[in-house]
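Undergrad: Sequence and predicted structure, then a few things I'm wondering about:
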Amino acid sequence: MNRWSESDRGASPHPNDVDRKRIQRALTQRQRYRYVSPCVRKEANGYRIESPCCSRNVDQSGGVIDIARLEYLDQGPSWRLYRKDHGHAQWVVEGEYTSLTAVLRRLNEDPQRLFWR
């Protein structure tokens, strides 16, 4: 388990265990791939979500893949949501949101299947 001290994070309130658990709990309400168990990891100024690839669309062996990255911004809007471009192995900004609730709603609905592939 990653443990972050205040000096590791600087002045940012993220990552923290309360919101990490909140994100983990919210992911149970997602529309797609509800049969896999994603993991929420702490990253500098935010969180990274990874999950087994049961569809085999990204990883033929069904290994763990990156799903999304959530970054807390010091100035509004408060959150930036990234999706993983697996073909180019890079993070792509999907959008900016004013609340963590809005980010989680977008991530859970995912109508274009940008995250849960």
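TA: Received the coordinates, thanks.
Undergrad: what is the mean pLDDT for the helix or strand hosting residue 107?
TA: Here residue 107 is covered by helix 100-109, with elements defined by DSSP states H and E. The pLDDT scores in helix 100-109 average 96.
Undergrad: How about residues contacting it?
TA: 19, 22-23, 26-27, 29-31, 49, 68, 70, 78-79, 81, 94-95, 97, 115 (CB atoms under 8 Å, 6 or more residues apart in numbering). Where C-beta positions appear, they are placed from N, C-alpha and C, glycine not excepted.
Undergrad: let's go with 7 Å and repeat that
TA: Residues from elsewhere that reach helix 100-109 (CB atoms under 7 Å, 6 or more residues apart in numbering): 19, 23, 26-27, 29-31, 68, 70, 79, 81, 95, 97, 115.
Undergrad: And these, which two are furthest apart?
TA: 19 and 31 (21.7 Å; CB to CB).
Undergrad: So those two - more neighbours on which side?
TA: residue 19 (18 against 12; other CB atoms under 10 Å).
Undergrad: List the residues that contact that one.
TA: If you count contacts by CB under 7 Å, 6+ apart, residue 19 has them with residue 100.
Undergrad: Flag the shaky bits of the protein, pLDDT-wise.
TA: 1-11, 54-62 (pLDDT under 70).
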